[in-house]
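> Could you work out the structure for the sequence below:
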Amino acid sequence: MSSRSRWGISPRRSIEAECTRRGKAAVVAGCIALLDGDTRDRRLIVALGGPPAQQMLIGNSRADLLLWLRVWAVRGLLWAWDESALDALSAALDDDAWRVREMAAKVVARHLLGDLLSSVANLRNDPVARVRQAAGRSVARLTLARA
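Alright, predicted model coming up:
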């Protein structure tokens, strides 16, 4: 699987470009707002989700949109992190949607967020294999780093 998306750049590069445009703190705050259900920032939504986000904004059900907004918001935190997002990320580890939980575990691992070790460790018993695998990698990385 290529790191390049259908919009010609990787999600990471798109998020970094948005950080350059508006500042990392504003991107992080926008991701937190999306996780709280605030869907007003269409430019950020498209920066996080690319062409799929554009399509969802014009045509999919609200439930589908809200699920993917949470996934994309957590993915935004993968590449634009600040401690101000810790509570939102903690909540994402307990999200009803497995894709959100999986991505949140990846964020914990990437940023070595030892404060969330016990929460991510609990996800090693998640009913979804991909979440269990991401949680296992996260716990291993945190343990190795002694975070």
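> Domains in this protein, by residue range?
1-84, 93-147 (automatic domain parsing).
> quick one: average confidence on the longest one?
Meaning domain 1-84. The pLDDT scores in domain 1-84 average 87.
> re the thing from before, could I get the domains of the chain in TSV, plus columns for mean neighbour count?
From N, CA and C alone the C-beta is placed, and that goes for glycine too. What follows is these, written out as TSV (neighbours: other Cβ atoms under 10 Å):
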stretch	mean neighbour count
domain 1-84	17
domain 93-147	18
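> The closest residue to residue 74 other than its chain neighbours is in what secondary structure piece?
Nearest-residue entry for residue 74: residue 103, 4.2 Å, with adjacent residues in sequence omitted and distances by Cβ to Cβ, 6 or more residues apart in numbering. Per DSSP states H and E: residue 103 is located in helix 98-110.
> How about exporting that helix as PDB, limited to the C-alpha atoms?
The C-alpha trace of helix 98-110 is given here as PDB (Å, rounded to 0.1, in the frame of the first residue of the first chain):
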ATOM      1  CA  TRP A  98     -13.000   0.300  16.100                       C
ATOM      2  CA  ARG A  99     -11.200   2.400  13.500                       C
ATOM      3  CA  VAL A 100     -11.100   5.300  15.900                       C
ATOM      4  CA  ARG A 101      -9.700   3.000  18.700                       C
ATOM      5  CA  GLU A 102      -7.100   1.500  16.300                       C
ATOM      6  CA  MET A 103      -5.900   5.000  15.200                       C
ATOM      7  CA  ALA A 104      -5.900   6.300  18.800                       C
ATOM      8  CA  ALA A 105      -3.600   3.300  19.800                       C
ATOM      9  CA  LYS A 106      -1.300   4.300  16.900                       C
ATOM     10  CA  VAL A 107      -1.100   7.900  18.200                       C
ATOM     11  CA  VAL A 108      -0.300   6.700  21.700                       C
ATOM     12  CA  ALA A 109       2.600   4.700  20.200                       C
ATOM     13  CA  ARG A 110       3.900   7.400  17.900                       C
END
